[in-house]
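> Next come a sequence and a model predicted from it.
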Amino acid sequence: MALLWPFATAAVAVNLFLLGLIGLSIGLPTMQPVTALWLSLPLGLPATWLSARWVASLIAEAERD
């Protein structure tokens, strides 16, 4: 799970930044990239846990076949 954390956190940061850009179209202020990075640090933990569970289920499914 520790190996997945940087990748999941980076994916969360990119998604938060893009969500901020989408918010611009409805009149919300944009989210700065640094803000997205800071917010992604705590949000990266649940994303890592979920992606680790998903990968484990894929491995279990592959071993069944």
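The structure has been received and is ready for your questions.
> which stretch of helix or strand covers residue 30?
Assigning secondary structure by DSSP states H and E places residue 30 outside every helix and strand.
> what about residue 47, which helix or strand?
helix 33-64.
> And the pLDDT for the residue nearest the centre of the chain?
Of all residues in the chain, the one closest to the mean position by Cα atoms, centre = their mean is residue 12, 2.6 Å from it. Listed pLDDT for residue 12 reads 96.
> can you offset everything so residue one is 333?
Okay, using 333 as the starting number, the last item reads as residue 344.
> surely it meets residue 372?
Yes: Residue 344 is in contact with residue 372 according to Cβ atoms under 8 Å; the separation is 4.2 Å. C-beta here means a position set from N, CA and C on the backbone, and glycine is covered the same way.
> Just the pLDDT at residue 395, thanks.
As predicted, residue 395 sits at a pLDDT of 96.
> An error on my part: the question was meant for residue 378.
95.
> do residue 362 as well
Looking at residue 362, its pLDDT stands at 88.
> Next: residue 340.
Predicted confidence (pLDDT) for residue 340: 94.
> element containing it?
Assigned by DSSP H and E, residue 340 falls within helix 337-356.
> How far away from the center of its chain is that helix?
7 Å (Cα atoms, centre = their mean, to the nearest Å).
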